[in-house]
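Colleague: just coords:
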Ligand SMILES: Nc1ncnc2c1ncn2[C@@H]1O[C@H](COP(=O)(O)OP(=O)(O)O)[C@@H](O)[C@H]1O
Ligand SMILES: O=P(O)(O)OC[C@H](O)CO
């Protein structure tokens with residue numbers, strides 16, 4: 001690894017205002033970050049929310065708790081920066097994607113907990129839709145395979161399974177939103193004139209938007225059983241949706257992007273062929289494919305990268321991995337094998353290899369490139385020789401191998417050869433993981449100075465919308481390399497290990513049987 005600058009990410013040496021604020025409503029927490037004109041972090045405030053697991057495979061969030069936390073972190077970030085709303089030129093929103101909420105238009109009350117993107121309760125419904133409507137039809141119009149991951153089946157599940165909801169939706173009493181819509185609606189007034197909008201990136205994860213027209217697809221909505229009356233208006237990712245009320249009263253709410261698309265934007269991947277990978281709860285590798293929506297034949301998603309105002313949209317190919325950082329959390333919280341996420345590096349470094357063990361964390365089935373809802377987690381290759389240190393190593397290797405599978409699929413779909421991978425997210429503080437990644441990919445891995453690329457991307461988009469930054473060239477100039485890892489693994493070792501990994505992956509499939 002090489003360090004090229006000693007300013008830590010998040011350092012607060014910054015110029016005078018004005019500033020841009022961004023809210024990241026994530027899977028485990030909500031945060032607000034204030035940025036200066038050079039894209040440097042001025043202040044951060046963050047609050048975790050409860051993860052609710054009512055049954056195996058079910059994951060929910062309390063959207064009211066999330067909205068309360070969002071308001072608190074906005075106030076917290078402004079306080080820590082020592083600024084007032086008058087110093088904030090615009091507010092950007094980024095969010096966990098696909099997480100699905102229905103709420104009452106008149107009262108602003110959620111009618112059920114939000115169904116989180118990791119929730120697998122719609123797997124039977126997806127199989128039924130596949131049989132009755134056909135996989136290809138959804139993929140052709142929306143760019144997505146039928147999977148429990150996406151929002152459309154989750155809306156249908158709520159309408160079919162919670163008493164009275166379909167009737168209320170038909171009477172026009174309910175609104176649907178992913179977390180961007182929920183936060184923007186509340187920020188701009190809630191029941192009192194709140195704007196019911198979403199952006200093209202978030203809409204592209206519902207399975208209800210037509211990727212070419214960028215509008216809700218009437219026929220797909222009908223096949224999915226979702227009334228169009230609940231859907232928000234689809235807007236670009238960078239424009240003023242309305243003015244905030246409350247603590248930021250008067251500040252333009254000027255961007256919305258799904259968090260992975262925001263990271264692509266924050267990593268300044270503005271040219272076709274540029275890619276980034278974000279390592280948080282899950283991992284998401286996005287490749288900018290320009291103004292072309294590239295079909296995937298290798299298990300990737302075709303998605304919208306971003307759209308700035310009236311400009312033509314930019315598309316991306318995405319490899320989504322459900323479980324990476326959350327496997328480290330599982331080792332800590334459910335297994336008690338480590339006391340902190342950072343400790344996994346110390347434990348894994350105490351041995352030279354995985355001792356023959358391979359850990360495939362198919363906790364929510366397998367996402368890219370397999371899309372198998374019937375898979376469940378497996379540890380393969382166990383013998384009495386294996387220690388918890390070997391397992392720690394296998395946990396880190398799982399993230400690196402899953403990345404390698406995505407990169408392979410991306411090369412097949414796009415023909416783009418990876419020259420280096422830009423990374424960000426909480427797991428990138430793990431040097432052993434980053435070195436392993438570089439070894440398994442046989443390519444350099446590069447981390448930027450500001451690792452909070454998700455918030456940065458939302459801030460950039462909001463700043464562009466209000467003229468705080470003039471164009472993407474100005475933003476590119478802010479990107480600075482903080483660290484780089486280069487490959488040092490013997491090719492024969494890499495090939496042997498990859499083969500073992502792929503063998504272990506096969507062992508996860510078909511665990512859940514249809515009737516369950
Ligand atoms: N040093 C580390 N080594 C491995 N994983 C880590 C480390 N530090 C944090 N993580 C993992 O990274 C995730 C948090 O990263 P973050 O980018 O904040 O995620 P998210 O935005 O999805 O909430 C957690 O799942 C945690 O287990
Ligand atoms: O909140 P994160 O960082 O776990 O991201 C979640 C993704 O947007 C799910 O698609």
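Modeller: Structure's in. What do you need? Just so it is clear, the structure is predicted and the values come from calculations on it, not from any experiment. Numbering: from 1, shown residues only. Ligands and ions are numbered 1, 2, ... in the order given.
Colleague: pretty sure residue 190 belongs to a helix, no?
Modeller: No. Going by DSSP: H, G, I helix; E, B strand; the rest coil, the assignment for residue 190 is coil, not a helix.
Colleague: Contact residues of the chain facing ligand 1?
Modeller: Residues of the chain found near ligand 1 (CB under 6 Å from any ligand atom) are 26-29, 280-281, 325-326, 328-329, 341-342, 344-345, 425-427, 429-430. Bear in mind the C-beta positions are built from the backbone N, C-alpha and C, glycine included.
Colleague: Now, of these, which are buried?
Modeller: Taking 16 or more other CB atoms under 10 Å as the criterion, what is buried in those is 26-28, 280-281, 325-326, 328, 341, 344-345, 425-427, 429-430.
Colleague: which parts of the chain sit against ligand 2?
Modeller: So the chain meets ligand 2 at 26, 27, 96, 97, 98, 117, 258, 259, 260, 280, 281, 282 (CB under 6 Å from any ligand atom).
Colleague: could you redo the last one with a cut-off of 8 Å?
Modeller: 24, 26-28, 95-99, 117-118, 149, 205, 258-260, 278, 280-282, 284, 320, 325, 425, 454 (CB under 8 Å from any ligand atom).
Colleague: Next, work out how far apart the residue sitting furthest away from the middle of the chain and residue 390 are.
Modeller: Relative to the centre of the chain, and counting by CA atoms, centre = their mean, the farthest-placed residue is residue 384 at 37.7 Å. Residue 384 is 11 Å from residue 390, where distance means CB to CB, to the nearest Å.
Colleague: Among the buried ones among the residues of the chain next to ligand 1, which one lies nearest to residue 81?
Modeller: Closest approach between these and residue 81, by CB to CB: residue 26, at 20.3 Å.
Colleague: Give me the neighbour count for the residue nearest to that closest one when sequence neighbours are not counted.
Modeller: Leaving aside its sequence neighbours, residue 26 sits nearest to residue 96 (CB to CB, 6 or more residues apart in numbering; 5.3 Å). By the criterion of other CB atoms under 10 Å, residue 96 has 27 neighbours.
Colleague: Now do the same contact list for residue 96.
Modeller: Contacts for residue 96 (CB atoms under 8 Å, 6 or more residues apart in numbering) come out as 25, 26, 27, 116, 117, 179, 259.
Colleague: where does it fall, phi/psi-wise?
Modeller: phi -60, psi 140 (degrees, to the nearest 10).
Colleague: now it: how far from residue 469?
Modeller: Distance from residue 96 to residue 469, counting by CB to CB: 26 Å.
Colleague: Among the contacts of residue 96, list the two that are farthest apart in space.
Modeller: 116 and 259, at 13.4 Å, using CB to CB across the contacts of residue 96.
Colleague: neighbour count winner among those two?
Modeller: residue 259 (29 against 22).
Colleague: That one and residue 454 touch, don't they?
Modeller: Yes. The pair residue 259 / residue 454 is scored as a contact, 4.8 Å apart, by CB atoms under 8 Å.
Colleague: Quick check: neighbours shared by the two?
Modeller: 24, 26, 94, 278.
Colleague: Rebuild these as a markdown table, extending it with pLDDT and secondary structure.
Modeller: Shown next, in a markdown table, are the shared contacts of residue 259 and residue 454 (pLDDT from 0 to 100; DSSP: H, G, I helix; E, B strand; the rest coil):
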| residue | pLDDT | secondary structure |
| --- | --- | --- |
| 24 | 97 | strand |
| 26 | 94 | coil |
| 94 | 98 | strand |
| 278 | 95 | strand |
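Colleague: most neighbours, which of those residues?
Modeller: Busiest of those [other CB under 10 Å] is residue 94, holding 38 neighbours.
Colleague: quick one: contacts for that one?
Modeller: Counted by CB under 8 Å, 6+ apart, residue 94 has contacts 22-25, 180, 255-259, 262, 454-455, 457-458.
Colleague: In strands, which of those residues fall?
Modeller: 22, 23, 24, 25, 255, 256, 257, 258 (DSSP state E).
Colleague: Tell me the one of those residues nearest residue 139?
Modeller: The shortest approach to residue 139 among the ones in strands among the contacts of residue 94 belongs to residue 258, at 18.9 Å (CB to CB).
Colleague: surely the closest one meets residue 202?
Modeller: Yes. Between residue 258 and residue 202 there is a contact under CB under 8 Å: 5.0 Å.
Colleague: More neighbours: which of the two?
Modeller: Higher neighbour count among residue 258 and residue 202: residue 258, with 35 against 30, using other CB under 10 Å.
Colleague: burial count for residue 422?
Modeller: Close neighbours of residue 422, defined as other CB under 10 Å, add up to 23.
Colleague: starting at the chain centroid, how far to the helix or strand encompassing it?
Modeller: Using DSSP states H and E, residue 422 sits within strand 421-424. Here strand 421-424 is found 14 Å from its chain centre; the criterion is CA atoms, centre = their mean, to the nearest Å.
Colleague: now do stretch 436-454
Modeller: Per CA atoms, centre = their mean, the displacement of stretch 436-454 from the mean C-alpha position of its chain is 17 Å.
Colleague: Now that stretch: buried residues?
Modeller: Of the residues in stretch 436-454, 436-441, 443-454 count as buried by neighbour count, 16+ other CB under 10 Å.
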